[in-house]
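1. sequence? don't have it. structure:
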Ligand code: Y12
Ligand code: CO
């Protein structure tokens, strides 16, 4: 089922998420719905809080070399921890909760992470490139943080002005 994605400035997006404790059918339905929702909205990453569920769960599905998103490449991440990070990189990010807005964000270039899969099995991985960027972006959602909070003071001011105008025009 495709769920509704909540968008900025919905207060729920600021809420820190809680660890998953039950690896049951309800969690599997949530992950399946998140996948359907992300694909329906042309996303490559989604955190549970973006569908209004405050649990430490996120999914990432990057396009492959043929620029296709295939389910075999789907990464489901439960209760993630970033253990180590190194280097810096800048990427123009977008977010389904901040639609039609893209801006450069600086993040670590390389990360070592631990997380659980949908059955509760522990996984330890090292990521770089777009996967490292997406992982950090989605982990920020679990802390209640959006990429717009990483903008410079002036860029954030400009964003808020543009966003207010956009919300007013939508009414
Ligand atoms: C690098 C940087 C950030 C991430 C986090 C995941 N972000 C997304 O999946 C963003 C998706 C997105 C899709 C949009 O829709 C279309 O392009 C059709 C979009 O534009 C609109 O909503 C109009 C904005 C964001 C991963 C990796
Ligand atoms: Co996002």
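-> Looks like it arrived, so ask away. Just so it is clear, the structure is predicted and the values come from calculations on it, not from any experiment. Residues are numbered from 1 along each chain as shown. Ligands and ions are numbered 1, 2, ... in the order given.

2. Quick check, central residue of this protein?
-> What sits nearest the mean C-alpha location of the chain, by Cα atoms, centre = their mean, is residue 138, with 2.8 Å.

3. which residue packs closest to it, ignoring adjacent ones?
-> residue 58 (4.0 Å; Cβ to Cβ, 6 or more residues apart in numbering). The way it works is simple: take the backbone N, C-alpha and C, and place the C-beta from them, glycine included.

4. ok so, going back, and what about the residue nearest to the centre of the chain, helix, strand or coil?
-> When classified by DSSP: H, G, I helix; E, B strand; the rest coil, residue 138 comes out as helix.

5. So for the lengthiest helix in the chain, what gets flagged as buried?
-> Longest helix of the chain, by residue count under DSSP state H: helix 153-170. Neighbour-count burial for helix 153-170, counted by 16 or more other Cβ atoms under 10 Å, picks out 159, 163.

6. Does ligand 1 have contacts with that helix?
-> No - on the criterion Cβ under 6 Å from any ligand atom, helix 153-170 is out of touch with ligand 1, staying 11.5 Å away.

7. Residue 79: which element?
-> Using DSSP states H and E, the element containing residue 79 is strand 75-86.

8. and that strand, which strands flank it?
-> Sheet pairing of strand 75-86 (DSSP bridges) gives strand 57-60 (antiparallel), strand 110-116 (antiparallel).

9. picking up where we left off before, any idea what the residue nearest to residue 138 is bridged to?
-> residue 47, residue 77.

10. same thing with residue 89?
-> As for beta bridges, residue 89 partners with residue 107 under DSSP bridges.

11. Flag every residue of this structure that's near ligand 1.
-> 42-45, 91, 93-96, 99-100, 130, 133-134, 137.

12. Average pLDDT for the longest helix of the chain, rounded please.
-> Averaged over helix 153-170, pLDDT sits at 95.

13. just stretch 50-58 next, same as before
-> The average pLDDT for stretch 50-58 rounds to 99.

14. Between its first and last residues, how far does it reach?
-> Using Cα to Cα, to the nearest Å, the end-to-end distance of stretch 50-58 comes to 10 Å.
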